[in-house]
Structure formats: C-alpha cells, structure tokens
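> Here is the input, now give the coordinates:
(2 chains, ligands or ions: 2)
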Amino acid sequence: MVNGNTVNQNRASPTAEAISPPLWLLAELTYRCPLQCAYCSNPLAFTRYQNELDTEAWFSVLRQARAMGSAQLGFSGGEPLIRQDLEALVSEARTLGFYTNLLTSGVGLTAQRVDALAEAGLDHIQISLQAADPELAQALAGSAKAHANKLAMAKAVKAAGYPMVLNVVLHRHNIDQVGDLIALCDELGADAVELANCQYYGWAFLNRQALMPTREQLVRAEAETNRWRETLAARGRDMSLLFVVPDYFEQAPKACMGGWGSIFMTVAPDGAVLPCHSARELPMAFPNVKETSLKDIWYQSDAFNRFRGTQWMPTLCQQCDERDKDHGGCRCQAYLLTGDINATDPVCQHSPQHGLLESLIAENAQSTPEQASLIPRNARQSKQLQTKQLQSQDGSAEPSPRQTPELIYRQ
Amino acid sequence: MAQQDIYQLRRGWRLQWEAIQGCHVILYPEGMVKLSTTAGAILEQVDGRQSVADIIATLQRRYPGAETLTDDVVQFIEEARSNGWLTVKEVHCG
Ligand code: SF4
Ligand code: SF4
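Ligands and ions are numbered 1, 2, ... in the order given. Predicted structure coming up:
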C-alpha cells in the first residue's frame, strides 16, 4: 500500500473513514395505526411486515445507535402510542443520552400517558393535525373522535411543560384552511407549526392526483402564512411557522435526508434498516437488525453504500456543481416518477423528465376537488393493493409507476 | 442585555457533550446544533444561577490568558438568545 487513499479507488462506495455517523435515528415502532390518512408515508404493503421487534430488540437498536453517535431520536410509526413498551423505550433512550421526540397523531394519548412519558424522560411531543374542523378531519383520517382528542392532548402536552410543535400535512383538501389552522395552533399555544404539504411517497403517491394542490392554492396559502407571521410578530407571539411546498412545484431538488446514508437512519417495525422512511418501496433489498449489526449495516452494507458519493450518478449530475449539495435529489422520487432508481430527480429543472411534473400540475388543475377522492390507508386496502400488484406481475402488463392510480375507494 | 441578567437554557433545549462528534451540541425538538469549543465552554456556565458577569468571572479564572473573553461571552449570549436557545430568568434593570 503506497498511500491509504488508493485502497478503495476502484470501488463505487466511499471509504469507511469518509462515512459520517448516523446522527439521527428514526424508530418506527409499528405500522399499526387507528387512523387512515390518505397521505401516510408508510409503505403500501405495510401489512406484509407484521413481525415487530420486541422490547429487547429495540433496546439493542438504541444502544448500538447511540454508541455509533446517534443523538436525535424520533419514535414514530404507524402510531407509536400503540406500543405498550413506549415508556420503557423512552426511558432507556433518555438514559443513553438521546434527545427523544415522539411523533404522534395524538390518538391513544391520555393526560396520564403524557405524564408517564414525561416521567420516563421524553423531551418533546409533536402532534399532527389533519384539519381545522372535525368534519374535514374525520373525512381525511377516518375517525370522528380523533380531532377532539388531539385538541385536548395538545393542551395536556402544553400543560406538562413540553415544547410543542404542531404538524399539519397540507394538501388540496385542507390547504385553503391554512389561516384557520394557524389560528387553531395559536390558540393551543404551539411554539412552532410545520405546515408541510405532503410529498408524494407511499400512500400519498397512490393518492397523488387527489392530494396535489393547484399552484393558485399554494400561492394563496403561502401569502396567508406570511400575513400570519406579521400578525404574530406584531403581537409579540413567538410561534414560528414553517411552510413547505411540495417538491413537485420546485425547480431544484432537495438534499434528501442530507444525502443517502449521510446522517439519517430509519429502523422499520420489523427491523429493516433504511436510509429514509420511504426507501422501502425502492426495488432493492435492505438489511435487518435481526441479522446484522447496525454498525455493519451503516458502514458496510451494499444498500447504504449504493448511493453514497457521486460515482453512481447519471452524467448530468456528475458534471454539475450542485452534486455534493443536493446529491442528485431523492432516490424514491426519481424511481417513482421515472422507473429508474439512478435517474436525476425530475424535480431538478435540468432533468430531461422535469416536464413530467409540469404536465402533472397542469393536468391536475383541470380536475375538480370532488373528483379527487382519496384511498384510505388501512389494512384492507393494503392487502387489495398487494393482490393487484401480484396480478399485474403475473400478467404481461408492466405496472408503470407513472400511471395515475385508479381510484378504488369512495367515501 | 445587562451583565447582571441571569439566563437559562430554554425549556426542552439541552446542552450535551457528544464524544463521537468531539464537541458540545444543543439538542432541541428535531434539531441539533454543533457548538465551537468557545461556545460550548460558555454555554456550560449558563445554568440559571450565574449572571452574565458571574459567567465572565468563572471563565476568566479558568482561562486566565483569554483576552477577548468578555466580548466573546456577551456576543455569544446575545446570539444564543436571538436564536431562541436561552430564556431570561431574572432581568436586572438600571
Ligand atoms: S400518517 Fe396517518 S395513517 Fe399514517 S401513521 Fe400517521 S396517523 Fe397513521
Ligand atoms: S443536475 Fe443533478 S446535481 Fe445538478 S442540480 Fe440537478 S439534480 Fe442536482
């Protein structure tokens, strides 16, 4: 060996020394959830993964990740509150030195549980709201009681002294309520509000046509958010508003998860380890903590090394100055939109497929909201979709990811 | 900001030494900021008991050679406050 740098020169993957630690760990404790949000980012086939890690296995995941340098931890799902060992996991995580975030719909939360979690050392609870009023919330999430409970729990979270971030997933059916939503969050005493338009992965990809707002809706909602920022500032109210536009409407791709295998690691309910929570739908295999240590998975696995560095990139990206900043965009988006996992993210204005997004947006503006019905995320639909997929795999027709999903459910 | 003011970390915000990163970090809801050595040393003293003046005195004892210490502390606390990391515990007027 003449020089340490030459060792791995012929390999597509970067050297272990160049790989930074996974600072963020997302622990998806379960895919079970009482709600049925049509924009859920869980995989369509979530019913296939029912073999959940038990408490001991999660303890081991937490210890391994912390030893590797993970510091931010999100407990999510599905609905993480369904796990009866949540308090035990929080307590272990906090003892290990994690900053512990609970990402919940608020369903299943009680004032007693808020206190128990606080006692276990939970640092932060983020509750997601579907809509400003119970009727729309019910239509979107499929539960009548959920909305009232969320509001009560938001108050309980605040009363327990947690910093409170409220999260609202925006889309065509609730984006015109953005003013009311902000007013509601203000009333509930939120410290910060994320008004994030849903991105089209998982169930949201299936329901893309029905979820995509029009450009006019986006412009109006952003202007309304800006007006609220001024109103809040004038009142001296410290509640930050984050407004996120759907990627489809952008010209430059985001550095998805800060880059594939750069800082972020998701452990799915069954122990599969993913570079982001949407990656499961990519046509590739992911390692599992039941078989391999987290360290080997992060540093050595083909899955995590596959899109590190720039070698894998299409020429367009390899020759572009932005390549180290946006990493060629999101792999899931590239695959879902083009069928090619290695493609430049079509969100990029330089992508030869960028026009696809513009025509999708234009097409969608033509349909009425009434036509845009939603397929709820539940076990029945998940199984039906898997059967359909099998059938289309047997038949000669290739399932095209570009196809507009057929609407198979109406409320 | 007066030197008699007493600050503390905002509720839900946490300062922590991260051995793997080799630095102090501030952890807060779904976020993390890496701190420089100076910033870490200052923030360690922001405990809801010491005033800004006390912090300067403590650090002067610990780093007698540091020339711009007063400015560093005042500037950093000002910045940390505007980032929303700190809240005032007691304000001394006049
Ligand atoms: S997005 Fe909705 S359905 Fe999906 S896990 Fe969250 S609350 Fe449940
Ligand atoms: S061409 Fe590739 S690297 Fe350049 S901006 Fe577009 S996605 Fe990013």
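> Buried residues in the lowest-mean-pLDDT helix or strand in chain B, which are they?
None of the helices or strands of chain B scores lower by mean pLDDT, DSSP states H and E than strand B:86-90, at a mean of 85. By 16 or more other CB atoms under 10 Å in any protein chain shown, the buried positions in strand B:86-90 come out as residue B:86. The C-beta positions use only the backbone N, C-alpha and C, and glycine is treated the same way.
> what's the distance between the closest residue to residue A:320 other than its chain neighbours and residue B:16?
In this structure, residue A:320 finds its nearest non-sequential neighbour in residue A:350, 7.1 Å apart by CB to CB, 6 or more residues apart in numbering or on different chains. Residue A:350 is 41 Å from residue B:16, where distance means CB to CB, to the nearest Å.
> Next up, identify which helix or strand the nearest residue to residue B:14 once chain neighbours are set aside is on.
Nearest residue to residue B:14 in three dimensions, chain neighbours excluded: residue B:27, at 4.6 Å (CB to CB, 6+ apart). Using DSSP states H and E, residue B:27 maps to strand B:23-28.
> what does that strand contact?
The contact list for strand B:23-28 (CB atoms under 8 Å, 6 or more residues apart in numbering or on different chains) reads A:71-72, A:99, A:123-124, A:163, B:9-10, B:12-18, B:32-37, B:39-40, B:43-44, B:85.
> Could you check that strand and say which residues are buried?
By neighbour count with 16+ other CB under 10 Å, strand B:23-28 contains the buried residues B:24-28.
> Can you name the next helix or strand after it?
The first helix or strand that comes after strand B:23-28 along the chain, using DSSP H and E, is strand B:31-34.
> just how off-centre is that following strand within its chain?
Averaging C-alpha positions (CA atoms, centre = their mean, to the nearest Å) puts strand B:31-34 15 Å from its chain's average.
> low-scoring pLDDT stretches of the chain, where are they?
Reading this off chain A. Scanning chain A for pLDDT under 70 picks out A:1-17, A:142, A:369-372, A:388-411.
> Chain B was what I was after
Counting by pLDDT under 70, the ranges of chain B that qualify are B:92-94.
> May I have the longest helix seen in it as CSV, with CA atoms only?
Secondary structure of chain B per DSSP state H: the longest helix is helix B:69-82. Output in CSV follows, covering the C-alpha atoms of helix B:69-82 (Å, rounded to 0.1, in the frame of the first residue of the first chain):
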residue,chain,number,x,y,z
LEU,B,69,-13.3,36.9,26.9
THR,B,70,-15.8,39.5,28.0
ASP,B,71,-16.7,40.3,24.4
ASP,B,72,-16.9,36.6,23.4
VAL,B,73,-19.3,35.9,26.3
VAL,B,74,-21.5,38.9,25.7
GLN,B,75,-21.6,38.3,21.9
PHE,B,76,-22.4,34.7,22.2
ILE,B,77,-25.1,35.0,24.8
GLU,B,78,-26.7,37.7,22.7
GLU,B,79,-26.6,35.4,19.7
ALA,B,80,-27.9,32.4,21.6
ARG,B,81,-30.7,34.5,22.9
SER,B,82,-31.7,35.6,19.5
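> contact partners of that helix?
Outside helix B:69-82, the residues within contact range by CB under 8 Å, 6+ apart are B:1, B:3, B:7, B:38-39, B:42-43, B:46, B:52, B:55-56, B:59-60, B:63, B:66, B:86, B:88.
> buried subset of these?
With burial judged by 16+ other CB under 10 Å, the buried subset of the contacts of helix B:69-82 is B:7, B:38-39, B:42-43, B:46, B:52, B:55-56, B:59, B:86.
> can you list the residues you listed in CSV and add distance to ligand 2?
Converted to CSV, the buried ones among the contacts of helix B:69-82 look like this (distance: CB to the nearest ligand atom, whole Å):
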residue, distance to ligand 2
B:7, 42
B:38, 35
B:39, 33
B:42, 38
B:43, 36
B:46, 40
B:52, 45
B:55, 45
B:56, 47
B:59, 44
B:86, 37
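> Nearest to chain A among those?
residue B:86 (12.9 Å; CB to the nearest CB).
> dump the residue contacts of the one residue in chain B that gets nearest to ligand 1.
Going by CB to the nearest ligand atom, ligand 1 is nearest to residue B:30 of chain B, at 15.9 Å. By CB under 8 Å, 6+ apart, the residues touching residue B:30 are A:72, A:74, A:101, A:124, A:126, A:165.
> my read: the first one touches residue A:26, true?
So that's residue A:72. No. Using CB atoms under 8 Å, residue A:72 is not in contact with residue A:26, being 9.0 Å away.
> Residue A:182 is in contact with residue A:193, isn't it?
Yes. At 6.5 Å, residue A:182 counts as touching residue A:193 under the criterion of CB under 8 Å.
> any residues in contact with both of the two?
residue A:241.
> and the longest helix of chain B with strand B:86-90, angle?
Relative orientation of helix B:69-82 versus strand B:86-90 (axes from the mean of the first three to the mean of the last three CA atoms, to 10 degrees): 110 degrees.
> quick one: helix B:69-82 to chain centroid distance?
7 Å.
> Please apply the same query to stretch A:132-139.
Relative to its chain's centre, stretch A:132-139 lies at 22 Å (CA atoms, centre = their mean).
> how about it: buried residues?
Neighbour counts using 16+ other CB under 10 Å place A:132, A:134, A:137-139 of stretch A:132-139 among the buried residues.
> Next: stretch A:278-288.
Applying 16+ other CB under 10 Å to stretch A:278-288 flags A:278-282, A:286-288 as buried.
> ok, and does it reach over to ligand 1?
No. Applying CB under 6 Å from any ligand atom, one finds stretch A:278-288 separated from ligand 1 by no less than 12.5 Å.
> Endpoints of that stretch, how far apart?
16 Å (CA to CA, to the nearest Å).
> residues contacting the closest residue in space to residue B:10 that isn't next to it in sequence?
Leaving aside its sequence neighbours, residue B:10 sits nearest to residue B:87 (CB to CB, 6+ apart; 5.1 Å). Counting by CB under 8 Å, 6+ apart, residue B:87 makes contact with B:7-11.
> tell me which parts of the stretch 151-300 of chain A are close to chain B?
The stretch 151-300 of chain A comes close to chain B at residues A:161-163, A:165, A:191-192, A:238, as judged by CB under 8 Å from any CB of the partner chain.
> Please repeat the previous calculation with a cut-off of 7 Å.
Applying CB under 7 Å from any CB of the partner chain, we find that the stretch 151-300 of chain A lies next to chain B at A:161-163, A:165.
> Closest one of those to ligand 1?
Taking CB to the nearest ligand atom as the measure, ligand 1 lies nearest residue A:165 of those, at 15.3 Å.
> does the closest one count as helix, strand or coil?
When classified by DSSP: H, G, I helix; E, B strand; the rest coil, residue A:165 comes out as strand.
> What residue in the stretch 151-300 of chain A comes nearest to chain B?
In the stretch 151-300 of chain A, the residue that lies nearest chain B is residue A:163 (3.4 Å; CB to the nearest CB).
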